[in-house]
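Trainee: predicted model and sequence below, questions to follow.
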Amino acid sequence: MSNTGLIQRIRNTNKPSPPVLACSKLLLCIMPIAQITIGAVHLEDCPRQPYIPIYLIVVGVFGLALSLLSCLPCAKKPEDGTTNPLSQICTAWNSLTSCFLFCWFITGNVWIYSIYQPNYNKNTTHVEPYCDRTLYLFAFWTTTLVYILLCLFLLGGCCVFLCFFLCGRADPDDDV
């Protein structure tokens, strides 16, 4: 009842070609660039919660840096399985950046969801704090999108695990 044959076949799948990898990296950079842009354009447009544009800028900069640093040769593991000091530094940097982004994401959740449905109208006669509609809704939906994608990945992972569990018993390599 060993799943080693199935797992071995998964590990030995072909890697995507460089153009496919480049296109996927480019697509992953679109969201951080949009976050930086919208945060910078609307930097002073949310007196109700002035940290929301800063949140977008910081998460965009660090997300873009993480995406671009993964393209460097130091981020790749050598084929022979050895490690070099530069690779270890890159791994440590990526881990620290990911940890920071996780904490910053939680902080951004507090800032965004705590003022849900803010006043969107900038009124010169009424002094009530407002938040620009584009800025707030972009921050709200990009944050909510992370939760939606996380749920989809967890659901997909559970389905894959269930398939491995059910199909693992019918592994053709077990008969040998």
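Mentor: Alright, I've got the coordinates. Numbers count the residues shown, from 1 in each chain.
Trainee: list the buried residues for the lengthiest helix in the chain?
Mentor: Ranked by residue count under DSSP state H, the longest helix found in the chain is helix 133-167. Judged by neighbour count (16 or more other Cβ atoms under 10 Å), helix 133-167 contains these buried residues: 135, 136, 138, 139, 140, 142, 143. To be clear about C-beta, it is placed using only N, CA and C from the backbone, and glycine gets the same treatment.
Trainee: OK, contacts around residue 108?
Mentor: 52, 55, 59, 139, 143 (Cβ atoms under 8 Å, 6 or more residues apart in numbering).
Trainee: equivalent analysis for residue 62, please.
Mentor: Residue 62 neighbours (Cβ under 8 Å, 6+ apart): 97, 100, 101, 104.
Trainee: switch the cut-off to 7 Å
Mentor: Applying Cβ atoms under 7 Å, 6 or more residues apart in numbering to residue 62 gives the contacts 97, 100, 101.
Trainee: ChimeraX command to pick out the buried ones of these?
Mentor: Buried subset of those, written as a ChimeraX selection, criterion 16+ other Cβ under 10 Å:
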select :101
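Trainee: so what secondary structure elements neighbour the longest helix of the chain?
Mentor: helix 18-41, helix 51-69, helix 85-113 (3 or more Cβ pairs under 7 Å, 6 or more residues apart in numbering; DSSP states H and E).
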